[in-house]
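Asks: Here's a sequence, model it:
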Amino acid sequence: MAIVTWDTLLEGEELAYRAELPARQADVVPIPNGLHPHVLASLAGLGLTGLYEHQAAAFHAAERGEHVVVSTGTASGKTLAFNLPVLNALAEEPKLRALYLYPTKALAQDQARALTAFKLPKLRPAIYDGDTETERRWQIRKWANVILTNPDMLHVGVLPHHDRWGDVLQNLRYVIVDEAHVYRGVFGSHVANVLRRLRRAASIYGAEPQFLLASATIANPGELVESLLGVEATVIGEDGAPHAARTIALWNPPLLDEELQLRASPLGEGAKLLAELVERGLRTICFAKSRKAAELIHRFASERVGPELAARLSPYRAGYTPAQRREIERRLVEGELLGVTATDALELGIDIGLLDCALSIGFPGTVASLRQQWGRAGRRAKGLAVLVASEDALDQFFMREPETLMGRRVEAAILDHANPRVLDGHVLSAAFEAPLDERDTAFLGEQALTRAEALARTGELKRTKAGYVWAGRDYPAARFSLRSTSPESFAVVEAESGSVLGLVERERAYSTVHDGAVYLHMGEAYLVLALDHESRTALVEPFTGDYYTQAKKETMTSIEQPEVVERRLGMEVAFGSVSVTEQVVAYQKKSIRDQATLDLVPLLMPETTFETEAVWYLPEDWMLDGVDEMPRLLGTLHAAEHSMIALLPLWAMCDRWDIGGLSTNLHHQTGRPTVFIYDGHAGGVGIARRGFDQLEGWVGDTAGLLDGCRCESGCPSCVQSPKCGNLNDYLDKDGALTLLRRMLKGTA
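Replies: As a prediction, this is how the structure comes out:
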């Protein structure tokens, strides 16, 4: 057992907050009666003499035939909670099948190892993904009774060819959806449709599988299952697992410039803490937001310790080969490694052994993610969990208001499977898989038939006696990605190798992969050499410079259809559909080191227009009294818009890059000063709706953010935004705070 020796480290002006969380005893119940003898023997072989209460509750709910979602903390044994019903069913009836879905290949590998460890005689697990050799695929379909895959493979590799999967689908008893909280926003909206298509395909073969889901603690696990699958599920949320005591610390890098609120690098502070902890013999994982950041922290920490200790540090990120990753995992589990710097790929449920400390460099975007990362610390004895703040508005808000972070409920996972931009591709795919009629609304939702009628009018579907069928020759699932709402995507191509790094929606391409842009992919920087509008490709090469780029945009927002208009906070507030027209007119090069502007390059990109969902509000005259002269009025509205966008991720499980906004002193439709905040994805995925529903709390948090920031006139920690289309011109922090305070009063 490690001796806790971090107390002398946690002192000084950098320590913004410290708390001690007590240990919690396990709530253990007997192993259920009636388990198959092979399963009982397997559990005994693993040294299990009882179950945590939530594991037993999940097993009993599954035995009753219910869909189940287990939403408990990190390291609470969720894997056994969903494995037990599956293993028992397969021990009783080996010809039954189970399908396990994971968001990443590494997680599937991890689960395959965990299943093999049970040593059950008739258990035959196999991974079926893009890396599976062609000659093995038919064998897996024939003999594996547990198939581990991912939603992308299910979408393009399984469902369009379901005739090859007839035996699997006919005998499909359980579908496991692990890390369900990952399925939110655009990706979650697509995955919801893939899962509904799976339910429909199974029904064609006479099967009605049960779904067992596991999620990090989120605010709405039952609602998430309803959105993903269109079914009700039993929620198991009481965590019966033991937890060691834990020290929580919030660490704010020291101020270098009081007036500008410029702080020391969070990467340097993270490296310093990592070095200090490993020198004390404490096994530590350090989470960074990008590959580059993870590599830099590793390098800085290695330089701080001697060569002997440096050999016991390692980075871990998505770009490594599976063999390299397995080797790092082995060294960590066996205690050979003392410190690992990782991207959030390791935030998910990969088993990396018993660690003492977890460092998060920058708030990872959601409280749920932060708890996942912190949950890595203290699995064998008392643990330490630290958040090292960046200069981002949300990070600095938490440093000033630590109780807001510690006491906050985790966010709700938001998605919208019925967004027509998402749904249409899946309606076409479903019609390819089998004729589509009104009976399919039970799986695909009421809107699916309406969209099928519209797609028949465009000639993409044909109406027949059997139902709507696909009118094309290829198969539609191959035409679109699960990560985008737009079929008109640009491919990002590495110039030397010709490999496709990713896809960017057309609406975002002109501001992120224009000529000269610095493009980040999985934490690596690339310079865009050329954007070809005809072939829809962006040619890029690796970039090692010390600047980043920010597009300057002209934006116009038009109200298409207000859905809800209410009197709230003393003014008119609306939610509905809007169209957003954007044009990139220039881009700025900014120094990574001090954010200084190095160059402004003129550029003229084509206009793009997309429909989305927005919340908008019209401040009353009295709310703007004293700040209503131009240009102060524009600065007031613009700063309020920026700071509200910075805080919306606290209420909806999203990233600030998923949100757009526009503020104007005179909107052409309302005739008044108006602030819009909208979903940055075509069609919207429920983010703006969540903001509308939680408006009072959202505005209250934003006022607290501005009130607490000690800068003179606005900084990156309050009103400046890294994605502002106006390059952060016209921002009035005091005016925005005045407006938000008056909104909270709600009356003149």
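
Asks: What's the first helix or strand after the helix or strand Arg689 falls within?
Replies: Element membership for Arg689, per DSSP states H and E: helix 687-693. Towards the C-terminus, the helix or strand next in line after helix 687-693, according to DSSP H and E, is helix 695-708.

Asks: How about residues contacting that next one?
Replies: Judged by C-beta atoms under 8 Å, 6 or more residues apart in numbering, the contacts made with helix 695-708 from elsewhere in the structure are 393, 396-397, 400-401, 404, 568-569, 573, 615, 639-640, 643-644, 646-648, 650-651, 691, 718-719, 733, 736-737, 740-741, 743-744. Glycine gets a C-beta too; all of them are placed from N, C-alpha and C.

Asks: got the CA positions of it in PDB?
Replies: Extracted C-alpha coordinates of helix 695-708, given in PDB (Å, rounded to 0.1, in the frame of the first residue of the first chain):
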ATOM      1  CA  LEU A 695     -32.300  29.400 -19.100                       C
ATOM      2  CA  GLU A 696     -32.500  30.800 -15.600                       C
ATOM      3  CA  GLY A 697     -29.700  28.600 -14.200                       C
ATOM      4  CA  TRP A 698     -27.600  29.200 -17.300                       C
ATOM      5  CA  VAL A 699     -27.900  33.000 -17.100                       C
ATOM      6  CA  GLY A 700     -27.100  32.800 -13.400                       C
ATOM      7  CA  ASP A 701     -23.900  30.800 -13.900                       C
ATOM      8  CA  THR A 702     -22.900  33.200 -16.700                       C
ATOM      9  CA  ALA A 703     -23.300  36.300 -14.500                       C
ATOM     10  CA  GLY A 704     -21.200  34.500 -11.800                       C
ATOM     11  CA  LEU A 705     -18.500  33.900 -14.400                       C
ATOM     12  CA  LEU A 706     -18.300  37.500 -15.400                       C
ATOM     13  CA  ASP A 707     -18.600  38.800 -11.800                       C
ATOM     14  CA  GLY A 708     -15.700  36.600 -10.600                       C
END
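
Asks: Let me know the secondary structure of Leu256.
Replies: strand (DSSP: H, G, I helix; E, B strand; the rest coil).

Asks: Surely it touches Ala264?
Replies: Yes - assessed by C-beta atoms under 8 Å, Leu256 is found in contact with Ala264 at 5.9 Å.

Asks: neighbour-wise, which of those two wins?
Replies: Remark: of Leu256 and Ala264, Ala264 carries more neighbours, 15 against 12, as counted by other C-beta atoms under 10 Å.

Asks: if I look at the more buried one, how far off is Ile248?
Replies: 22 Å (C-beta to C-beta, to the nearest Å).

Asks: Check Val28 too.
Replies: Relative to Ile248, Val28 is positioned 26 Å away (C-beta to C-beta).

Asks: any low-confidence regions in the stretch 601-748 of the chain?
Replies: The stretch 601-748 of the chain contains residues with pLDDT under 70 at 723, 725, 747-748.

Asks: change it to 90
Replies: Applying pLDDT under 90 to the stretch 601-748 of the chain picks out residues 603-610, 646-659, 680-687, 690, 705, 707-730, 746-748.

Asks: Strands of that one, residue ranges please.
Replies: Listed in chain order, the strands of the stretch 601-748 of the chain (DSSP state E, counting those that start in this stretch) span 608-618, 659-664, 674-679.

Asks: right, and those - which one's nearest Leu21?
Replies: Put simply, out of these the one that sits nearest Leu21 is strand 659-664, at 32.2 Å, with distance taken as C-beta to C-beta.

Asks: Send over stretch 60-71 as CSV, restricted to the C-alpha atoms.
Replies: Presented in CSV, the C-alpha positions along stretch 60-71 are these (Å, rounded to 0.1, in the frame of the first residue of the first chain):
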residue,chain,number,x,y,z
HIS,A,60,-32.4,-9.6,-11.7
ALA,A,61,-33.8,-6.9,-14.0
ALA,A,62,-32.3,-8.7,-17.1
GLU,A,63,-33.7,-12.0,-15.9
ARG,A,64,-37.1,-10.4,-15.8
GLY,A,65,-36.7,-9.5,-19.5
GLU,A,66,-36.2,-5.8,-19.0
HIS,A,67,-33.9,-3.5,-20.9
VAL,A,68,-31.4,-2.2,-18.4
VAL,A,69,-29.0,0.8,-18.0
VAL,A,70,-26.4,0.8,-15.3
SER,A,71,-25.2,4.3,-14.6
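
Asks: avg pLDDT for that stretch?
Replies: On average, the pLDDT along stretch 60-71 is 95.

Asks: now do stretch 563-573
Replies: Here the mean pLDDT over stretch 563-573 is 95, rounded to a whole number.

Asks: Likewise for stretch 163-174?
Replies: Summarised as a single mean, pLDDT over stretch 163-174 is 96.

Asks: Now tell me what touches it from outside.
Replies: Outside stretch 163-174, the residues that touch it by C-beta under 8 Å, 6+ apart are 62, 85-86, 89, 93, 95-99, 138, 141-142, 147, 158, 162, 201-202, 204-207, 209-212.

Asks: Give the residue from Val28 and Ile248 that has the larger number of neighbours.
Replies: Of the pair Val28 and Ile248, Ile248 is the one with more neighbours under other C-beta under 10 Å, namely 19 against 16.
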